[in-house]
Structure formats: structure tokens, C-alpha cells
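**Q** Fold the following.
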Amino acid sequence: EHLGAKVFVPRQRDYNLTTLDACLRCLLEHPCDLLVHAAAYYGGIGINVTEPARLYYTNLVMGAHLMEAARLAGVAKFVAIGTACSYPGYLEGDLKEDDLWAGPCHASVVNYGLTKKMMAVQAQAYKRQYGLDSIHLILTNLYGPGDSYNPDRSHVVAALVRKWVEAELARVPSVEVWGTGRPIREFLYVEDCADAIVLAAEKYNECALPLNIGTGIGTSIRELAETIHEVSGYRGKMVWNTDKPDGAMKKVLDVTRMRRELDGWTPPTDLRTGLAKTIAWYRANKAQADAKW
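**A** Model (predicted):
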């Protein structure tokens, strides 16, 4: 919007994007030149265990129907938002775009990661047959204001922020954290991610090769928890429940191509600053945030 574009964000109550009719109706009622498909049904490790079929079906049909509707409605460019979960689960080292098809997704996220990966296949098919321009952006873990803080659906940063803030409010002596704390992840502040998507939509046009969007900086879950602990001001103890799963041990994106393709852009918000903003927002909007599914 700050660049002069008119932005429309469809809501689930108005358009059920798991049906082709609703996708096409949305695009005919709100014509656009650029479509960014960021909608998803997602969650942390827990929801990947309890709802694998819903994750698979919902995300698969949303991607397929939206791209077909974009073709039928004459959208000029389709930006598919993918996920680092699509990368092979066994790979070590930073994940490069050329590695996407080097093996299967990690078993803990395969039902989500594979559906997003299929959008890259669909995009190339639609380019060859219909000439639809599209790009596929692979995002790392996002966090920040507006996230889902629901315990059944939240990712690690939102889950830990809620734990720490509620522990402080209730003055409980400790908080429990799942796993060993050893896995390494990468975290991107949501406002930085939005800037990157806009830049990529403007500057990147290679349908055949996805583009990583991230910081390229790995942080252990233990370090993340310790930083939230410090920033939140909570003075209780951390208790690590090592009976709970860790997931993949390392998931960090190689952002060399991102910097080159986006004219040297790099995320300006460091993790500690982003966490401080996120914790402040959650405290100020806790009731609203907790009610969001």
C-alpha cells in the first residue's frame, strides 16, 4: 500500500479457498494483477501429529484451486508462499534452492511441506501450458505481531512467548519447554518478511527455481528460549521435557541468491529486537491474540 498499490486480503468467512468456485469468485469480485498466496492451514509439531490429513488436504487444494483461478481470472503474476519444511529432512548444512528435490521432507512435517512443494510443480506446468508467470518463495520460520498464539496451532516463537508471558502473570515458578533445546532453526520477523515478498514480486521472475527468504542465521531452540526469558523479565526456571520430540535437528536457509536477486537486501530486524517487539505486542493484545485460531 505504501507503494501505491491497492491491497485486498480475503477472509475465510467470505471465501472458502478450498473450493475452486470461491477462489474464482474472489478474483472476479476483486480483480488483481498480482496474487500472493500466503493462506495456509498450519501449526507446530503437535498439529502435524494429530491432523496430518487435514494439513495435507487443505493446503493441497488451496494451492491448486488458487492457481487455476488465477489463470482463469487473468492474473498477471502469481506469488506462491512456500516453506522450509519442503526441503529434504536429512540434509545437513544450510539449505540451498537446488536441494529442494534432493529427497523426502522430514517425517514430522511431510504432510504440510509436500503440499507447498507441489505448488512449485504446478507453477512450472502452468507456465509451460498457459504462460502464467509465477514465482515460489521458500520462507523460514516467521514470528511477530498477529501470529497465532493458540497452543494447538502456534509455532515455536509464539508458543514460547505465550508461555513466558502467562508464567509471569501467574507468578508460577517454572515453564516447560519441549525437547532438548538442541535443534537449530532460523527466525524471520514478519514485517521484514513482508518487505521481502514485495521486493521479490517486483524483482524476481524465475519460475523454475524457488527463492529462499530468511536471515541465514541459525539459532538453537535453547538460545531462543533463553532470549525470550531475558527479554520478558520472567524470573522463574526453564524445565526441558526431553520426552517430547525435537523434529529435524537443523533447518537454516542459504540466502546467497536472495541477497543477489533482491539487490543486496537483508532483514533489518535482529532476533532480540524482534522478540522484544513481539512480546510487547502480545502483552498489549493478549485477549485478541489468544482468541485467534
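**Q** Now do the helix or strand bottoming out on mean pLDDT in the chain: which elements does it pack against?
**A** Sorting the helices and strands of the chain by mean pLDDT, DSSP states H and E puts helix 45-50 at the bottom, at a mean of 86. Packing partners of helix 45-50 (3 or more Cβ pairs under 8 Å, 6 or more residues apart in numbering; DSSP states H and E): none among the helices and strands. For glycine as for every other residue, the C-beta is placed from the backbone atoms N, C-alpha and C.
**Q** Tell me which helix or strand A70 sits in.
**A** helix 52-73 (DSSP states H and E).
**Q** So which bits of that helix are buried?
**A** Going by neighbour count (16 or more other Cβ atoms under 10 Å), the buried part of helix 52-73 is 55-56, 58-71, 73.
**Q** Could you check how far R128 is from E230?
**A** Using Cβ to Cβ, to the nearest Å, R128 is found at 52 Å from E230.
**Q** nope, L114 is what I was after
**A** Distance of L114 to E230, given as Cβ to Cβ: 37 Å.
**Q** which residues of the protein score low on pLDDT?
**A** Counting by pLDDT under 70, the chain contains low-confidence residues at 1-3.
**Q** Show me where it has its strands.
**A** Using DSSP state E, the strands of the chain run over 34-37, 77-83, 133-139, 141-143, 174-178, 184-185, 187-189, 211-213, 219-220, 237-241, 250-251.
**Q** Around E29, count how many other residues there are.
**A** By other Cβ atoms under 10 Å, the residues close to E29 number 12.
**Q** returning to what we had before: just the angle between the helix holding A70 and strand 77-83, please?
**A** Counting by axes from the mean of the first three to the mean of the last three Cα atoms, to 10 degrees, helix 52-73 lies at 170 degrees to strand 77-83.
**Q** Residues contacting helix 52-73, please?
**A** The contact list for helix 52-73 (Cβ atoms under 8 Å, 6 or more residues apart in numbering) reads 17-20, 23-24, 26-28, 31, 35, 37, 39-43, 47-48, 78, 80, 111-112, 114-116, 118-119, 122-123, 126, 130, 132, 134.
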